[in-house]
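A.B. asks: Provided below for reference: sequence and predicted model.
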Protein chains: 2
Amino acid sequence: MKNTLKIVKIGGNIIDDAVALTTFLIDFATIKSPKILVHGGGKLATRLADDLQIPVNMIDGRRVTDQQTLDVITMVYAGKINKNIVAQLQAQDCNAIGFTGADGNTIIAVKRPVQEVDYGFVGDVEQVKTSTLELLLTNNITPIFCAITHDTKGQLLNTNADTIAAELAIAFASSYDVSLYYCFEKNGVLKNVDDEESVIDHIDTKSYKSLLETGVIANGMLPKLNNCFHALNNNVQTVCIGQTSMLFNKNSKHTTMVL
Amino acid sequence: MKNTLKIVKIGGNIIDDAVALTTFLIDFATIKSPKILVHGGGKLATRLADDLQIPVNMIDGRRVTDQQTLDVITMVYAGKINKNIVAQLQAQDCNAIGFTGADGNTIIAVKRPVQEVDYGFVGDVEQVKTSTLELLLTNNITPIFCAITHDTKGQLLNTNADTIAAELAIAFASSYDVSLYYCFEKNGVLKNVDDEESVIDHIDTKSYKSLLETGVIANGMLPKLNNCFHALNNNVQTVCIGQTSMLFNKNSKHTTMVL
C-alpha cells in the first residue's frame, strides 16, 4: 500500500490576509501525512510593481512577464511570501523548506513559445523531478513551492501555481496515494456563482461536459478544472476544490472531482 | 578521515556584477567536494529601499532593520539574488537549493536585545542544525545561504553573512574537514590598503594582535577577522581571505589565517 501525500494549493484569499494565512498554517502544520504546499502570489506582486512604477502589460487578461516583472515576482513569491510561510511553519514545528522549481532542479519548464503573443518569461511545465523531494518527505520535511520554475539554462520562469500543484501531484502519483486540494475563496464549484450554498458535491467527466455546455463553468474556473481532470487522468487519487476548511473539517462543503 | 567541506562566502563585489557572478558560479560548480555558498546582499537591497522610498536609518554605521527593511531584505536576498544564483548553478549541473536559516530550521538566531540602540529585526546566531544540510550534502546537493535567519517563533531576522558562514563552518567542523573562504574585493589582508601587492600571506593569533595594535587592521576588516579566528578556535581547519580566484588558482595571492 502506498503512503498518502497531500498537496495543497492556496491562493490570494489566504496569502493576502495575514490572519487567514496564520490560521491556515497552524492547521496545515497538524497534517500528519507527508505534504507539500503550493502558493500563488496574491496582490503583493501587483502592489510592488505599482510602487516601483513598473507598467503592467496585460494581453487577453494575462500578465506579460518582462524582466522587471519577473524580478518582482521572484522577490515577492520566492522571497517575502515563501520565506514568511516557512518561518511561520517552523514556529508550528513543521519543518519546511521553500522551493522554486530551480531549487533541487525540481520543476523544469520551457519558456512559452512566442506565437501571436509574447508572454515573456512564462514557463510551461515539462518535467517534475521527485527524488530530492521524496528524500525530504521521508525525512519529515515539508516542501513549500512558489509559482516559479526554471529552464535548466539559468532562466527563472513565471508559472501558474494551479499547474504546479497538478504537475507535482501527477509526478508523485506513482509512489504515493496523492490527494490534491485546490483552496480558494468559494465553498467549491457553485451552480449559482452568487450562492455559496449551491456547491456541486461531485463533478465527473460527464457532468463536467454538461456544466461547460450550459456555461456554469467559465472564466477563471476553466483552467482550474482542466488541471483537476488532467491530474485525475494521470493517476492522482483525489482532487478537491473548496475553502481550506475542507482539509480539516469533514463536514465542510466542497467539490470532489471524479473521473 | 573526514570528508572535506568547502564553505564559500561571497560579497557585494561579486553579487553586484552580473558577469563576475556568472564567472564565479561557473567555477564554483566545478568544486568536486561537498560545498556551501553564503552570499551577502550587495547594493540591490539599498537600491530597492531607495526606489520604494523606505528611509534608511543608520546608527553607528549600522543599518536598523525595521519591518519594511526586513521585507526588502527578504525579497532581495532570499528572492532575487538567491534564486538567480540557484538557477545559474543548475545550468552548470550543480544541484543547488536556496536557504534562509528558517528553511529546514537550519540557523536559529535571537533578536538582538535592545540596549542603547534598537537595531530592529537583526539576529545573532544561536544554533546551527546540520542534519538536513548533511542529508543534502551526502546526496550531492549544494545549499546556497542568504543572510537571513529565524527565531523559531515565526520571525525572520537579518544576520551578517560573514557570521553565517563562520557559524556554518563551526557547526560542520565535527563531521567534516571544513575550509572557510571569505571572498571580497581585495587580494587578502593588506599591509598597505592602497597596495594590492602588500598581501599578508599568513596571520596567526600573535601577528593578529600586533596588526590590531599598529592599526593595520581596522574598520570593516575587524569583524571579518574576528569571525576567522572564532572559526579557527572552534575546529575549522582552514580559513582564507581574498579574491574568489584563491579557490581555483593555487598561485592566487590570499591571506591564510592560522592559530
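C.D. replies: Noted; the coordinates are in hand. All values reported here derive from a predicted model rather than from experimental measurement. Residues are numbered from 1 along each chain as shown, chains lettered A, B, ... in the order given.
A.B. asks: pretty sure A:Val64 sits against A:Arg112.
C.D. replies: No. Judged on C-beta atoms under 8 Å, A:Val64 makes no contact with A:Arg112 at a distance of 10.7 Å. All C-beta atoms are positioned from the backbone trio N, CA, C, and that covers glycine.
A.B. asks: which residues do these two both contact?
C.D. replies: A:Tyr119 (C-beta atoms under 8 Å, 6 or more residues apart in numbering or on different chains).
A.B. asks: closest approach to chain B from the stretch 151-259 of chain A, which residue is it?
C.D. replies: A:Gly154 (3.8 Å; C-beta to the nearest C-beta).
A.B. asks: OK, contacts around that residue?
C.D. replies: B:87-88, B:90-91.
A.B. asks: just the ones of these in helices?
C.D. replies: Mapping these onto helices (DSSP state H) picks out B:87-88, B:90-91.
A.B. asks: tell me the one of those residues nearest A:Leu5?
C.D. replies: For the ones in helices among the contacts of A:Gly154, the residue nearest A:Leu5 by C-beta to C-beta is B:Gln90; the value is 24.4 Å.
A.B. asks: which ones are touching A:Cys94?
C.D. replies: A:25, A:28-29, A:142.
A.B. asks: actually A:Lys2, not the one I typed
C.D. replies: Counting by C-beta under 8 Å, 6+ apart, A:Lys2 has contacts A:175-177.
A.B. asks: residues from chain A in reach of chain B?
C.D. replies: A:48, A:51-52, A:71, A:74-80, A:82-84, A:86-88, A:90-91, A:95-100, A:102-105, A:132, A:135, A:139, A:141, A:148, A:150, A:152-156 (C-beta under 8 Å from any C-beta of the partner chain).
A.B. asks: filter the residues you listed to the buried ones?
C.D. replies: A:48, A:71, A:74-80, A:82-84, A:86-88, A:90-91, A:95-100, A:102-105, A:132, A:141, A:148, A:150, A:152, A:154-156 (16 or more other C-beta atoms under 10 Å in any protein chain shown).
A.B. asks: before we move on, the earlier item: I would like a PyMOL command selecting only the buried ones among the contacts of A:Cys94, please.
C.D. replies: For the buried members of the contacts of A:Cys94, the matching PyMOL selection, counting by 16+ other C-beta under 10 Å, is:
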select buried, chain A and resi 25+28+29+142
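A.B. asks: and which of the contacts of A:Cys94 is nearest to A:Thr255?
C.D. replies: A:Phe28 (20.2 Å).
A.B. asks: helix, strand or coil for that closest one?
C.D. replies: Under the three-state scheme (DSSP: H, G, I helix; E, B strand; the rest coil), A:Phe28 adopts helix.
A.B. asks: could you find the residue in the stretch 1-150 of chain A that comes nearest to chain B?
C.D. replies: A:Gly79 (2.6 Å).
A.B. asks: excluding chain neighbours, what is closest to that residue?
C.D. replies: B:Gly79 (2.6 Å; C-beta to C-beta, 6 or more residues apart in numbering or on different chains).
A.B. asks: so who does that neighbour touch?
C.D. replies: Here B:Gly79 is in contact with A:74-80, A:82 (criterion: C-beta under 8 Å, 6+ apart).
A.B. asks: just the strands in the stretch 1-150 of chain A please.
C.D. replies: A:3-10, A:35-39, A:58-59, A:62-63, A:96-99, A:107-111, A:123-128, A:142-146, A:148-150 (DSSP state E, counting those that start in this stretch).
A.B. asks: which parts of the first one are buried?
C.D. replies: In this case it means strand A:3-10. For strand A:3-10, by 16+ other C-beta under 10 Å, it's A:4-10.
A.B. asks: format these as JSON lines; extra columns: pLDDT.
C.D. replies: Shown next, in JSON lines, are the buried residues of strand A:3-10 (pLDDT from 0 to 100):
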{"residue": "A:Thr4", "pLDDT": "97"}
{"residue": "A:Leu5", "pLDDT": "98"}
{"residue": "A:Lys6", "pLDDT": "98"}
{"residue": "A:Ile7", "pLDDT": "98"}
{"residue": "A:Val8", "pLDDT": "98"}
{"residue": "A:Lys9", "pLDDT": "98"}
{"residue": "A:Ile10", "pLDDT": "98"}
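A.B. asks: send the alpha carbons of the helix or strand containing A:Asn226 over as CSV?
C.D. replies: Using DSSP states H and E, A:Asn226 sits within helix A:221-232. Provided in CSV are the C-alpha atoms of helix A:221-232 (Å, rounded to 0.1, in the frame of the first residue of the first chain):
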residue,chain,number,x,y,z
MET,A,221,-12.7,28.2,-13.2
LEU,A,222,-12.0,26.6,-16.6
PRO,A,223,-8.2,26.2,-16.3
LYS,A,224,-8.5,25.2,-12.6
LEU,A,225,-11.0,22.4,-13.5
ASN,A,226,-8.9,21.4,-16.5
ASN,A,227,-6.0,21.0,-14.1
CYS,A,228,-8.2,18.8,-11.9
PHE,A,229,-9.1,16.4,-14.7
HIS,A,230,-5.5,16.4,-16.0
ALA,A,231,-4.5,15.2,-12.5
LEU,A,232,-7.2,12.6,-12.2
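A.B. asks: for the helix or strand that that helix is followed by, which helices and strands make contact with it?
C.D. replies: Next along the chain after helix A:221-232, taking DSSP H and E as the criterion, comes strand A:238-242. Packing contacts for strand A:238-242, counted by 3 or more C-beta pairs under 8 Å, 6 or more residues apart in numbering or on different chains; DSSP states H and E, involve strand A:176-183, helix A:221-232, strand A:254-257.
A.B. asks: deepest of those, which one?
C.D. replies: For those, average neighbour numbers computed from mean count of other C-beta atoms under 10 Å in any protein chain shown are highest in strand A:176-183, which has a mean of 24.
A.B. asks: just want the angle from that one to strand A:238-242.
C.D. replies: Going by axes from the mean of the first three to the mean of the last three C-alpha atoms, to 10 degrees, strand A:176-183 is angled at 10 degrees with respect to strand A:238-242.
A.B. asks: how much does strand A:176-183 deviate in direction from strand A:35-39?
C.D. replies: 30 degrees.
A.B. asks: strand A:176-183 packs against which elements?
C.D. replies: Using 3+ C-beta pairs under 8 Å, 6+ apart, strand A:176-183 sits against strand A:3-10, helix A:161-172, helix A:221-232, strand A:238-242.
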